[in-house]
Structures are given as structure tokens and as C-alpha cells.
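1. have a look at this fold, sequence not included:
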């Protein structure tokens, strides 16, 4: 019986056959794969930048909405005071 160590020793010393080499990628295939990976990485980076920009735009719009709400609240308070003063002046006259 051949042990695992002996088997790996046999595999290391045995030359590769044509059948063994058929399953390996060629240089051209590897270059094509490398180009594909680079393109995917570039597109992923662009997508991440787009997502960051969208998040920034949404955050900016939400901040603007909050600012508008604060301004409207202040205007409501000011308007209520103005109406109150006008009513006092009307009653005083």
C-alpha cells in the first residue's frame, strides 16, 4: 500500500502528461481573465463613487428639508407674535 507521502513524492517526480496540461489555462486565457478582472474592478470603483454621491445628495436634501422646517417654525412663531401685537394695537386704539 502506498502512503500519502509516497504518493505526493510520486506526483512531484512524474512528468506532466498532455492530458494534465489540457486543463491548465493558457497565457492568452490568463491575460483575458486579468483584463476582465481589471474592468470589473474599475466598474466597481465607479459604482461605489456613484453610491457615495447619491448618499451625499440624499443627505444634503434631508438637511435642506430640516433647515426649511426650522425656518418655517421660526416664521410661524414670528407671525403669531406679529398677529398678537396687531390685535393688541387694534384693541388699544
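-> On my side now, so go ahead. Everything numeric here is computed off the predicted structure, so don't read it as measured data.
2. residues near residue 73, how many?
-> Residues lying near residue 73 (other Cβ atoms under 10 Å) number 10. Quick note: C-beta positions are derived from backbone N, CA and C, even for glycine.
3. name the helix or strand for it, please.
-> Taking DSSP states H and E as the criterion, residue 73 maps to helix 27-92.
4. I'd like the average pLDDT over that helix.
-> What helix 27-92 shows for mean pLDDT is 90.
5. please begin residue numbering at 412 from this point
-> Sure, I'll start counting at 412 from here, so that last one is helix 438-503.
6. helices or strands next to that helix in the packing?
-> Contact here means 3 or more Cβ pairs under 8 Å, 6 or more residues apart in numbering; DSSP states H and E; on that basis helix 438-503 packs against no helix or strand.
7. quick one: that helix to chain centroid distance?
-> Mean-position distance between helix 438-503 and its chain equals 16 Å (Cα atoms, centre = their mean, to the nearest Å).
8. so residue 432 versus residue 500, what's the distance?
-> Distance from residue 432 to residue 500, counting by Cβ to Cβ, to the nearest Å: 100 Å.
9. ditto for residue 447
-> 79 Å.
10. how about residue 473?
-> Distance from residue 473 to residue 500, by Cβ to Cβ: 41 Å.
11. now do the contacts for the residue nearest the centre of the chain.
-> Nearest residue to the geometric centre of the chain (Cα atoms, centre = their mean): residue 459, 3.9 Å. Going by Cβ atoms under 8 Å, 6 or more residues apart in numbering, residue 459 touches no other residue.
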